[in-house]
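Asks: just to be clear, the model below is a prediction. Sequence and coordinates:
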There are 2 protein chains.
Amino acid sequence: VSEGATENRQIDLIAFDADDTLWHSENLYAAAQEKFGELMAPYAGESTALSTLHETEIRNLQPYGFGVKAFVLSMIETAIQLSQGRVGSEVIAALLATGKDMLAAEVELLEGVTEAVTALAADYPLMVITKGDLGHQASKLERSGLAQHFRYVEIVADKNREVYVNLFAKHGIDPTRVLMVGNSLKSDVIPVLELGGWGVFAPYAILWAHEHAELPEALASRFREIERLDALPEIVRQIELE
Amino acid sequence: VSEGATENRQIDLIAFDADDTLWHSENLYAAAQEKFGELMAPYAGESTALSTLHETEIRNLQPYGFGVKAFVLSMIETAIQLSQGRVGSEVIAALLATGKDMLAAEVELLEGVTEAVTALAADYPLMVITKGDLGHQASKLERSGLAQHFRYVEIVADKNREVYVNLFAKHGIDPTRVLMVGNSLKSDVIPVLELGGWGVFAPYAILWAHEHAELPEALASRFREIERLDALPEIVRQIELE
């Protein structure tokens, strides 16, 4: 595939999810949850603590949206609830500190990402589509060292079919000629498949329960699954040869 | 000014700040600060409480960015600090509730906004440029009833000259042909004046101390000031006649 042969291509744009697709993120949430479980030990068993936190997070998606700040606010709310108000301010302070540590954590790329992004950027325009806190996501992309490879960066409040429709329309991109790669079937892969594009699923070791979904049979022909992102250039090459 | 005469125009795009320009926002922060002062009464006088909160907010701009979630996290941190850890969880819960009330508050348009936006949308493409939480800003625009008048909506992590340069470049808009209106000289008016565009200052009754700035003399020729947004169509008409 070379830039000169674009008229024979199937794909005009390759889009990437960011958290747990380009760089580790869920491991920071998992470590914070473990810490939360320990802090709640005087008041609740670990599984009760974590399931209650999860319920709070889901309930708070509407006011708070996604991201670390929302997560910290939900941890504090859950701590007060689980302790029936007995939780001390040293625990609240520890939860605030956990959040700041998450925001400051080094950006750790997943294996194979640099190779895949560098190789594909030579032949295709690349886009990042991520949800979460604006400033935090922009800061991670900057610190990742990958920013210069992405022509478009889209940080969105949520990822659903309507959001993808508007986003591709804004850039004048035909969604049937987009390939989207991500670790969430629900947020990254299925919406783009439903619009007629290509969807590549790159599962992360940990999946947030809220992101679970099944792949509908009818969407299988443009669906691919890979273990590491360095398999992506070959997937793209095969699609262009079809 | 009609759509047919665009080649003789000076202005190609009219951009609006949102919080405290289109709708009230700072009044919600002011009410929350008053509540915070009351909650801190056992530990600190009101002015100490508010100045310490302000210091915390500024210190936390880097990890947290702008918006209600950042503000709530800073209130909680300051409450622990001012009370030297003695603050009870009922106060923390009250601060969380204050934040949720702010996020759910009805969107209250400033006077003259509907008239100005409706009139200008008939002749110019309009843009919203706002910073804060993605989901919250998008939700307020939706609830404002004004969303259909804006061709572009840009929610950004911060507003400085570089952000404006990138944002106008992305849309292929010449910044010297932009008119930006907002209640902050520092964030809305001066950066656009510095890029050669037009800047209209519409001060709000309350200004966050962080947003204070002086207008440089050299930028005065393309600077205008209005009390209410319904003065804007006439300002635009005068500029087009120059």
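Replies: Sure thing, it's come through.
Asks: could you find the closest non-adjacent residue to A:Val113?
Replies: A:Leu229 (4.9 Å; C-beta to C-beta, 6 or more residues apart in numbering or on different chains). Quick note: C-beta positions are derived from backbone N, CA and C, even for glycine.
Asks: can I assume that neighbour is in contact with A:Asn183?
Replies: No: judged on C-beta atoms under 8 Å, A:Leu229 makes no contact with A:Asn183 at a distance of 10.2 Å.
Asks: need the overlap of contacts for those two.
Replies: Common contact partners of A:Leu229 and A:Asn183 (C-beta atoms under 8 Å, 6 or more residues apart in numbering or on different chains): A:Thr21, A:Ala202.
Asks: which helix or which strand is home to the residue of chain A positioned farthest from its centre?
Replies: Largest separation from the mean C-alpha position in chain A: A:Arg86, at 35.2 Å (C-alpha atoms, centre = their mean). Using DSSP states H and E, no element contains A:Arg86; it sits outside every helix and strand.
Asks: report the contact partners of the closest residue to A:Ala93 other than its chain neighbours.
Replies: Of all residues not flanking A:Ala93 in the chain, B:Ile80 sits nearest, at 5.3 Å (C-beta to C-beta, 6+ apart). By C-beta under 8 Å, 6+ apart, the residues touching B:Ile80 are A:Ser89, A:Ile92, A:Ala93, A:Leu96, B:Val87.
Asks: list the buried residues for the helix or strand hosting the second one?
Replies: Same thing as A:Ile92. In the assignment (DSSP H and E), A:Ile92 maps to helix A:89-104. Residues of helix A:89-104 classed as buried under the neighbour-count rule (16 or more other C-beta atoms under 10 Å in any protein chain shown) are A:Ser89, A:Val91, A:Ile92, A:Ala94, A:Leu95, A:Leu96, A:Thr98, A:Gly99, A:Lys100, A:Met102, A:Leu103.
Asks: please list the residues outside that helix that contact it.
Replies: Contact with helix A:89-104 is made by A:28-29, A:32, A:35-36, A:39, A:68-69, A:71-72, A:75-76, A:79, A:136, B:63-64, B:73, B:76-77, B:80, B:83, B:85-87, B:89, B:92, as judged by C-beta under 8 Å, 6+ apart.
Asks: just the buried ones out of those residues, please.
Replies: A:28-29, A:32, A:35-36, A:39, A:68-69, A:71-72, A:75-76, A:79, A:136, B:63-64, B:73, B:76-77, B:80, B:83, B:87, B:89, B:92.
Asks: quick revisit: can you tell me the SS state at the residue nearest to A:Ala93?
Replies: helix (DSSP: H, G, I helix; E, B strand; the rest coil).
Asks: got it, and the one 4 residues further on?
Replies: In three-state terms, and counting by three-state DSSP, B:Gln84 is coil.
Asks: neighbours around it, how many?
Replies: By other C-beta atoms under 10 Å in any protein chain shown, 9 other residues sit near B:Gln84.
Asks: repeat for A:Met40
Replies: Neighbours of A:Met40 (other C-beta under 10 Å): 23.
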